[in-house]
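Trainee: Pasting the sequence and the predicted model now:
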Amino acid sequence: MSKPSERKIPSRGSSAASPEPPLFQPFRLRGVTLRNRIFVTPMCQYIADDGHAVLWHFSHHGRFSLSGVGGAMVEATAITRDGRITPGCLGIYLDSHIDGLRRIVEIYHDQRIPVGIQIGHAGRKASAAVPLNGAAPLLMHESDDAWQAVAPSAIALTDGWPTPRELSGAEIGSLLEAFAQAALRAVKSGFDFIEIHGAHGYLINSFFSPISNKRDDHWGGTDLQNRMRFPLRVAEAIRDVIPESMPLFYRTSCVDGIDGGVTISETIALARELGKRGVDLIDCSSGGIIGPSGRALQRPSPGYLVPFAEQIRKAAGIPTMAVGLITEAQQANEIIANGSADLVAMGRKLLDDPNFPYHAAQAVGHSSPTSILPASYGFFLQRWKPD
């Protein structure tokens, strides 16, 4: 298990052995190599059947498997039924979920693309309507689909949301075991890596944030070491049951973006400790502790979260993935070339343009842009001369 000080992170995020632009140089973590640095970020689809993948999921991921991305991550997937954000969220709390998840893995592996799964628990954000139906909390006295949300402290997300039940010490131990069991199912499904969802105000993030954790025991309160305890124990529980060759990612909200919330210095401290426990990469998002997931209370602008990825990468000595309005080829290439991050993750940009990797290869001077695509596509596009 590598400590951050032992990691060798290229100062410019590139490989001298590759003649291609930085965005299209390979990247290796443990036993997994990505062909390039473009990554499909987790995108919840809210259409699962009791946590099971359906045909839509296979079509959704099929688009990206043909795009030439370096790697991909399946959407936030709940470790328990009550840990789902909505009734439509994917789950990994039953063995029967494995077949559908394995099919998604096979779709990517058919194109030699490594794929991971993001596992987590919604915490006090659980029991919500799917976004297409408004994303409001489902209340137990109004809906048969609702359930009791839990959290480190009995503090509602915001006005209009129900107060979650505070977890007992025994329940926290059970959740750590649920994370381990979910990780074992991910391994059985064939995933190449796992990402812990420690961001956006969900359960793990709510333990880390002083906004949502007011406990007076060793699981929280004002003490940073106590607030880090649950995230670190989750990482330990997962690392202990997955293969040594399997990379482990951790998604974090680098800052809460509000007074009294998580600061970048606290997240750097967390990243250092996660690295000591076998986490290999920090996926750097922000916000969500009291508002929409993935947003700090600031106006997003192109690449607005990249500085956080750069600070964590340099200060904690651990690889990072940058997110947040990364939409242009040159922008993405410069993030890697400048050593600001090791990977760039995209969601809506890839929904808009699934062939972004091919178009980016053309834009940044790749020696053979069509080689980014599957051979059956690249062969014909190489000979295509549009008017």
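Mentor: It's in.

Trainee: Can you spell out which helices and strands pack onto the lowest-mean-pLDDT helix or strand in the chain?
Mentor: None of the helices or strands of the chain scores lower by mean pLDDT, DSSP states H and E than helix 375-382, at a mean of 92. The contact analysis (3 or more C-beta pairs under 8 Å, 6 or more residues apart in numbering; DSSP states H and E) places helix 375-382 against no helix or strand. Placement of C-beta: from N, CA and C, glycine included.

Trainee: Please write out the alpha-carbon positions of that helix in PDB.
Mentor: C-alpha atoms of helix 375-382 as PDB (Å, rounded to 0.1, in the frame of the first residue of the first chain):
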ATOM      1  CA  ALA A 375     -11.700   0.100 -36.000                       C
ATOM      2  CA  SER A 376     -15.000  -0.300 -37.800                       C
ATOM      3  CA  TYR A 377     -15.600   3.500 -37.400                       C
ATOM      4  CA  GLY A 378     -12.100   4.700 -37.900                       C
ATOM      5  CA  PHE A 379     -11.500   2.800 -41.100                       C
ATOM      6  CA  PHE A 380     -14.300   4.500 -42.900                       C
ATOM      7  CA  LEU A 381     -13.800   8.000 -41.400                       C
ATOM      8  CA  GLN A 382     -10.200   7.900 -42.400                       C
END
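
Trainee: And that helix, what's buried?
Mentor: Buried positions in helix 375-382, judged by neighbour count with 16 or more other C-beta atoms under 10 Å: Tyr377, Gly378.

Trainee: Show residues contacting it.
Mentor: Leu66, Tyr358, Thr370, Ser371, Ile372, Leu373 (C-beta atoms under 8 Å, 6 or more residues apart in numbering).

Trainee: just the buried members of these?
Mentor: Of the contacts of helix 375-382, these count as buried by 16+ other C-beta under 10 Å: Leu66, Tyr358, Thr370, Ser371, Ile372, Leu373.

Trainee: what two of those residues have the greatest distance between them?
Mentor: Leu66 and Ser371 (13.9 Å; C-beta to C-beta).

Trainee: Just the buried positions in the helix ranked longest in the chain, please.
Mentor: For the chain, the longest helix by residue count, based on DSSP state H, is helix 169-189. Under the neighbour-count criterion of 16+ other C-beta under 10 Å, helix 169-189 has Ile172, Leu175, Leu176, Ala178, Phe179, Ala180, Gln181, Ala182, Ala183, Arg185, Ala186, Ser189 buried.

Trainee: just the CA coordinates of that helix, formatted as PDB?
Mentor: The C-alpha trace of helix 169-189 is given here as PDB (Å, rounded to 0.1, in the frame of the first residue of the first chain):
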ATOM      1  CA  GLY A 169     -22.500   3.500  16.500                       C
ATOM      2  CA  ALA A 170     -23.800   0.000  15.700                       C
ATOM      3  CA  GLU A 171     -25.500   1.200  12.500                       C
ATOM      4  CA  ILE A 172     -22.300   2.900  11.400                       C
ATOM      5  CA  GLY A 173     -20.500  -0.400  11.800                       C
ATOM      6  CA  SER A 174     -23.200  -2.100   9.700                       C
ATOM      7  CA  LEU A 175     -22.800   0.500   6.900                       C
ATOM      8  CA  LEU A 176     -19.000  -0.100   6.800                       C
ATOM      9  CA  GLU A 177     -19.800  -3.800   6.300                       C
ATOM     10  CA  ALA A 178     -22.300  -2.800   3.600                       C
ATOM     11  CA  PHE A 179     -19.600  -0.900   1.800                       C
ATOM     12  CA  ALA A 180     -17.300  -3.900   1.900                       C
ATOM     13  CA  GLN A 181     -20.000  -6.200   0.600                       C
ATOM     14  CA  ALA A 182     -20.800  -3.800  -2.200                       C
ATOM     15  CA  ALA A 183     -17.100  -3.700  -3.200                       C
ATOM     16  CA  LEU A 184     -17.100  -7.500  -3.300                       C
ATOM     17  CA  ARG A 185     -20.100  -7.400  -5.700                       C
ATOM     18  CA  ALA A 186     -18.300  -4.900  -7.800                       C
ATOM     19  CA  VAL A 187     -15.300  -7.200  -8.100                       C
ATOM     20  CA  LYS A 188     -17.700 -10.100  -9.000                       C
ATOM     21  CA  SER A 189     -19.200  -7.900 -11.700                       C
END
